[in-house]
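Visitor: Following is a predicted model, sequence given first.
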Amino acid sequence: MTDAETIARKRWLTITLTRLAGSAGAVLGVILIARAPTLGPKILGTAIVLSALAMMAIVPRSLAERWRTPPVK
């Protein structure tokens, strides 16, 4: 395996793990919302879900843009 393939594999794994961490955070927030007896933890769960969804949408895309191969001229 060449160095370029190794770097690409590590970057792909990083993006995938970022998406998995975001989905795990969203699930944690949903569980917190469902099991919370009072309003405070429900608000916290909602904030966790929204931030996890934002992370899933923004971070992988920005990493892919940062690591994109420059176009060949």
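Guide: Structure received.
Visitor: Now do the lengthiest helix in the chain, average pLDDT.
Guide: Looking across the chain with DSSP state H, the single longest helix is helix 3-35. Average pLDDT, helix 3-35: 96.
Visitor: Packing partners of it?
Guide: Under the contact definition 3 or more CB pairs under 8 Å, 6 or more residues apart in numbering; DSSP states H and E, helix 3-35 sits against helix 39-67. Using the backbone N, CA and C atoms, a C-beta is placed for each residue, glycine as well.
Visitor: Quick check: buried residues in the helix it packs on?
Guide: 42, 45, 48-49, 52, 55-56, 59-60 (16 or more other CB atoms under 10 Å).
Visitor: Go through these and name the one nearest residue 15.
Guide: Lowest distance from residue 15 to the buried residues of helix 39-67 (CB to CB) belongs to residue 60, with 4.7 Å.
Visitor: ok, the nearest residue to that closest one once chain neighbours are set aside - contacts?
Guide: Distances taken as CB to CB, 6 or more residues apart in numbering put residue 15 closest to residue 60, at 4.7 Å, once the chain neighbours are dropped. Going by CB atoms under 8 Å, 6 or more residues apart in numbering, residue 15 touches 60, 63-64.
Visitor: Swap in 10 Å and give it another go.
Guide: Residue 15 makes contact with 59-61, 63-64, 67, according to CB atoms under 10 Å, 6 or more residues apart in numbering.
Visitor: Now render the residues you listed as JSON lines, adding distance to residue 5 and pLDDT.
Guide: What follows is these, written out as JSON lines (distance: CB to CB, whole Å; pLDDT from 0 to 100):
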{"residue": "59", "distance to residue 5": "23", "pLDDT": "96"}
{"residue": "60", "distance to residue 5": "20", "pLDDT": "94"}
{"residue": "61", "distance to residue 5": "23", "pLDDT": "94"}
{"residue": "63", "distance to residue 5": "18", "pLDDT": "93"}
{"residue": "64", "distance to residue 5": "17", "pLDDT": "92"}
{"residue": "67", "distance to residue 5": "14", "pLDDT": "90"}
